[in-house]
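> Pasting the sequence and the predicted coordinates here, then a few questions.
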Protein chains: 2
Amino acid sequence: MRNPKRFGHLQDCKIAYFSLKEDVLFMPVTLKDVAAAAGCSVTTTSRALGGYDDVNEQTRERIITIAKELGYQPNVLARQLQAQRADTIGFVFPQAAHQPDDDFFSLLMKGISYVASNNQFDLLVSSQLTQEDELRAYQRIAAGRRVDGVIVARTLRNDPRIKYLKNNNYPFVVSGRSAPDEPDDFPYVDADSQAGIRQVVAHFIGYGHEHIGFISSPPELAFTEYRLHGYRDALAAANLPYRADYVVHGDLQRESGQQAAEDLLRRHPQITAIVSSNDAMALGAMAAVQSIGKQVGVDVAIGGFDDIPLARYSVPGLTTVRQPIYHIGELVAEMLIQIINGEAPEETGILLEPELIVRDSSGQPL
Amino acid sequence: MRNPKRFGHLQDCKIAYFSLKEDVLFMPVTLKDVAAAAGCSVTTTSRALGGYDDVNEQTRERIITIAKELGYQPNVLARQLQAQRADTIGFVFPQAAHQPDDDFFSLLMKGISYVASNNQFDLLVSSQLTQEDELRAYQRIAAGRRVDGVIVARTLRNDPRIKYLKNNNYPFVVSGRSAPDEPDDFPYVDADSQAGIRQVVAHFIGYGHEHIGFISSPPELAFTEYRLHGYRDALAAANLPYRADYVVHGDLQRESGQQAAEDLLRRHPQITAIVSSNDAMALGAMAAVQSIGKQVGVDVAIGGFDDIPLARYSVPGLTTVRQPIYHIGELVAEMLIQIINGEAPEETGILLEPELIVRDSSGQPL
DNA sequence: ACAAGTATCCAAAACGTTTCGGTACCTCAA
DNA sequence: TTGAGGTACCGAAACGTTTTGGATACTTGT
């Protein structure tokens, strides 16, 4: 039915696809070819190249020479099939990653990729635009033995991906963790965002702010409640009342942060500080403040969470909480590779302390 | 020798890796299992699932039901080995991608990933920190049949990767292209950076600037000469002299741009505008101007190339030339997939016209 | 001269799929 | 009754490795 015609493109493509040396189509050279050229069996060839000691040194050298001459490269797929191991980890980009401004998933992915390559693992990346596609993508690459384990990012409450992977005993590590009321019975790496938001809110309270708005994230995300808790914790610790109408929800994108901040400031002019669940929305909030003719850090203080690169370079600089995203990617990948290799990771749940970064969007103490 | 012990981790890991339903280790169910359960041959099972019409409709339904019940997922590796096709494209992150501020490769990768997924291709990503490792990575995944084709980014003059891929007739597409004095005998997608830099320099000349510095990129990069040409073209068109001492080299990172701009301004105080080969260095140049107490856009105008997200949000906004990086990623991936599928792409060399984006770093006409 | 040991090699099976070339049976027309 | 044509099925080979379990020949010690 499907007959892919490998190398079909060689015929019609205008560009010269012919080797410079021989006018012949490239045919992969296999172990069999090397064996034939060396005059010995496939087994011996394999073992010679594999460094086993039951092959004569002279033979080995001959085989190695010939393999090099022929440009032999082992077929990775065949090797993986036989080894029942893909030496690959999988990562699915959620839709949010495709926002042009997204830094989070880019950084996470690079951290993952770096560690994977350092451990001779490849990284298989898939982009999916809907929740269902995403789950299907995990099923395909995981159950299809395409990868030895997967990394799950941006957890949802009651996350179907985690449920699936757990049910099937499939190796995985989560960047993020469950919502507070759910069990954390899987390996994860996360920043303690409750403590993080608490820090930045406490920082503003310390500056004398009493009316502090909060831009929250979509309720279906697992981390949303942690950050909201952090906000409430800080208020409670300072004996400030929690007001539900000081909390608005955004979708983590910059624009929604701008919208949310405009709403907050219009409805509650007494608000002098706004803390946002993430930096992108905080930057939008800064724009909102500026658009109504007020000054960030003077009239309204703004705080975020993440410390994406933009936070440092925005004007004024954004006070925020640093979440080491690249490093989280590294840790997640390391943990997954340990699990795949059958080594028990020392810790199966890593919670990183985030760090408050004070910049000019905080303004001065009132 | 190497005996990976798949599922070894299940024994020691503290976390419950046992299925909720059955207290049994997850064993992948194969076609053979389904066939046995359905009481027919592997062949028939395969063809039933494959939608071939030489199997009785009743049988097919029975097989499909059983396959679902058993949670059958085809082993992708086996399928790929037999089909001699990986349905995967490869991309190697160069070292530069791991700079925390890098936006270029992140965006390119996302564009690639998006198109790949839309065409049922997976994307294999590898990170390599040196030139040699990078070439080896290409050899391993390409000649090892791990991927059906690869994407090459950040081309060098006389790029060994391109030479290798061309010599082996391996499907590839380049993001970028050869240096001006080298042949472009391979499929590529690039922005016309010569025209782009020409535009921004001409823009400054139009504003009345006569002493314009240029921060160039490392000479081993293929695009360096194009951008330098663009600078010279614009000067020549306006009958302004080209002065070699107005040109300094950076390494594309922000810090080197700052360094370079400081040098330029110290050595040639008459310079009133600086154009940089890329945005990151231009942002560094803005910092340099500010650090010597001058104002960007007033005392010294700054221009960049790329239009990374930061360019819009910096203060003042950076005048630059927009290179649609995400879109280039999409085009590159589309072209590669066409080639892999044996369809001749309409164009094998796409040169995109970049767009001048004037922001406040240009200042006003003198 | 024989047994035991050692060095070197290899055929066959296995990994899980798809495809090739059948076979067996049934039905219909001549 | 025969042959043609169609339907439904399947065994075996193939993809390119690695591993298993010998086999062969040579050496060594008695």
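Noted; the coordinates are in hand.

> hey, what's A:Leu124 bridged with?
A:Gly90, B:Leu124 (DSSP bridges).

> these two touch, right, it and A:Val92?
No - counting by CB atoms under 8 Å, A:Val92 is not a contact partner of A:Leu124; they are 9.2 Å apart. C-betas here are computed from N, CA, C, even on glycine.

> of the two, who's got more company?
Applying other CB atoms under 10 Å in any protein chain shown to A:Leu124 and A:Val92 shows that A:Val92 carries more neighbours, namely 25 against 22.

> Pull the contacting residues for that one.
By CB atoms under 8 Å, 6 or more residues apart in numbering or on different chains, A:Val92 lies in contact with A:125-128, A:134, A:137-138, A:150, A:152.

> Helix, strand, or coil at it?
Look at A:Val92: counting by DSSP: H, G, I helix; E, B strand; the rest coil, its state is strand.

> what's the pLDDT at it?
On pLDDT, A:Val92 comes in at 94.

> Kindly provide the distance from it to A:Gln131.
Going from A:Val92 to A:Gln131 by CB to CB, to the nearest Å gives 11 Å.

> so what's in contact with those two at the same time?
Common neighbours of A:Val92 and A:Gln131 (CB under 8 Å, 6+ apart) do not exist.

> now, among the contacts of A:Val92, which is nearest to A:Pro100?
A:Ser127 (14.2 Å; CB to CB).

> Can you report how many residues lie near the closest one?
A:Ser127 - counted by other CB under 10 Å - has 25 other residues nearby.

> pretty sure it is in contact with A:Ala96, am I right?
No - counting by CB under 8 Å, A:Ser127 does not reach A:Ala96; the two are 11.1 Å apart.

> mind listing what the spatially closest residue to A:Gln270 that is not a sequence neighbour touches?
Excluding its sequence neighbours, the residue lying closest to A:Gln270 (CB to CB, 6 or more residues apart in numbering or on different chains) is A:His211, at 4.7 Å. Shown in contact with A:His211 (CB under 8 Å, 6+ apart): A:246, A:268, A:270-273.

> Secondary structure and neighbour count for these - can I get that in JSON lines?
Formatted as JSON lines, these follow (DSSP: H, G, I helix; E, B strand; the rest coil; neighbours: other CB atoms under 10 Å in any protein chain shown):
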{"residue": "A:Tyr246", "secondary structure": "helix", "neighbour count": "19"}
{"residue": "A:His268", "secondary structure": "coil", "neighbour count": "13"}
{"residue": "A:Gln270", "secondary structure": "coil", "neighbour count": "9"}
{"residue": "A:Ile271", "secondary structure": "coil", "neighbour count": "19"}
{"residue": "A:Thr272", "secondary structure": "coil", "neighbour count": "19"}
{"residue": "A:Ala273", "secondary structure": "strand", "neighbour count": "27"}
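
> Helices of chain A, start to end?
Applying DSSP state H to chain A gives helices spanning A:9-12, A:31-38, A:42-50, A:57-70, A:76-83, A:104-118, A:131-143, A:160-167, A:193-206, A:224-237, A:254-267, A:279-291, A:309-313, A:325-340.

> I'd like to know which of these is closest to B:Ser362.
Of the helices of chain A, nearest to B:Ser362 by CB to CB is helix A:309-313, at 18.7 Å.

> as a whole number, average confidence for the closest one?
Averaged across helix A:309-313, pLDDT comes to 89.

> Please list the residues of the stretch 1-150 of chain A that sit near DNA strand C.
By CB under 7 Å from any atom of the strand, the residues of the stretch 1-150 of chain A that approach DNA strand C are A:1-3, A:40-44, A:47, A:54-57, A:59, A:78, A:81-82, A:84.

> Those residues also near DNA strand D: which ones?
Among those, the residues lying close to DNA strand D (CB under 7 Å from any atom of the strand) are A:42-43, A:47, A:54, A:78, A:81-82.

> about what we covered before: now render the helices of chain A as JSON lines, adding distance to A:Pro354 and mean neighbour count.
Below are these laid out as JSON lines (distance: least, CB to CB, whole Å; neighbours: other CB atoms under 10 Å in any protein chain shown):
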{"stretch": "helix A:9-12", "distance to A:Pro354": "50", "mean neighbour count": "15"}
{"stretch": "helix A:31-38", "distance to A:Pro354": "52", "mean neighbour count": "18"}
{"stretch": "helix A:42-50", "distance to A:Pro354": "47", "mean neighbour count": "18"}
{"stretch": "helix A:57-70", "distance to A:Pro354": "51", "mean neighbour count": "15"}
{"stretch": "helix A:76-83", "distance to A:Pro354": "39", "mean neighbour count": "18"}
{"stretch": "helix A:104-118", "distance to A:Pro354": "14", "mean neighbour count": "24"}
{"stretch": "helix A:131-143", "distance to A:Pro354": "27", "mean neighbour count": "19"}
{"stretch": "helix A:160-167", "distance to A:Pro354": "23", "mean neighbour count": "18"}
{"stretch": "helix A:193-206", "distance to A:Pro354": "4", "mean neighbour count": "23"}
{"stretch": "helix A:224-237", "distance to A:Pro354": "10", "mean neighbour count": "20"}
{"stretch": "helix A:254-267", "distance to A:Pro354": "19", "mean neighbour count": "20"}
{"stretch": "helix A:279-291", "distance to A:Pro354": "12", "mean neighbour count": "25"}
{"stretch": "helix A:309-313", "distance to A:Pro354": "13", "mean neighbour count": "20"}
{"stretch": "helix A:325-340", "distance to A:Pro354": "11", "mean neighbour count": "24"}
